[in-house]
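Peer 1: Build the 3D model from these lines:
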Amino acid sequence: MSDYLVHLDSIGGLFALAFIAFGDTLIGVGFFVFGEIAFLAAGAAFASNGATHPALIVLIAAWAGDLTSFYLGRRMGPRASLPLLKTHKRRLAWRRAKKALEQRGVMFVVISRLLGPVAWITPFLAGTLSMPAPRFVFAAAFGVLLGVGQFLIIGAVGQQAFVVLKPFANWLVPTLAAGLVVGAAALIAWQKRTRTP
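Peer 2: Purely as a prediction, here's the structure:
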């Protein structure tokens, strides 16, 4: 595994990480790109060989994706949102979102980064609702640091756990497989026993 992680610090590896991290945070595309893969891999690369470039690249690319979504929200958001605001219920939700961004904009953007699918929509929404750009830039940077940072840490910890467990892999996998077979056989025997009168 460490052989693969070394390649992440190459030009091609860094480009792939940046592409995935940017795509994960870009409005519309983020629904189909799983940036967690890049974030975990960058954390594992740091734990494996001390490479800081992958972690910095995914942080910068994720932030750039948020800023791009914000810009797209400023440019296209008002026109794109008009068809969605035909019902009273949607207009009410729109007003609530606008009020939340006006009152607690920075906190709203930061916390959204930790809420999965909401993180993909919030930058575009902030741009559409004309959140001040300096506030958004700061909030997005802090949100990315928290949101992506947690996956970098999980990737690093996972890599260390892999290194610790690797010597036991020769007997751990067969033992787990045997345990599953024995457990399945015991479950089948128990079910047959309970069915017979």
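Peer 1: Who are the packing partners of whichever strand or helix holds Gly12?
Peer 2: Assigned by DSSP states H and E, Gly12 belongs to helix 11-25. Using 3 or more CB pairs under 8 Å, 6 or more residues apart in numbering; DSSP states H and E as the contact test, the elements touching helix 11-25 are helix 36-49, helix 53-81, helix 117-128. In short, each C-beta sits where N, CA and C put it, glycine included.
Peer 1: buried set for that helix?
Peer 2: Gly13, Leu14, Ala16, Leu17, Ala18, Ile20, Ala21, Phe22, Gly23, Asp24, Thr25 (16 or more other CB atoms under 10 Å).
Peer 1: same deal with stretch 109-129?
Peer 2: For stretch 109-129, using 16+ other CB under 10 Å, the buried residues are 109-113, 119-129.
Peer 1: Can you pull up the most central residue in the protein?
Peer 2: Glu36 (4.3 Å; CA atoms, centre = their mean).
Peer 1: which residues touch the closest residue to that one other than its chain neighbours?
Peer 2: In space, and not counting its chain neighbours, Glu36 is closest to Phe151: 5.6 Å by CB to CB, 6 or more residues apart in numbering. For Phe151, the contacting residues are Glu36, Phe39, Leu40, Gly43, by CB atoms under 8 Å, 6 or more residues apart in numbering.
Peer 1: what helix or strand is Phe151 on?
Peer 2: Here Phe151 sits within helix 133-165, counting by DSSP H and E.
Peer 1: Determine how far that helix lies from the middle of the whole chain.
Peer 2: 9 Å (CA atoms, centre = their mean, to the nearest Å).
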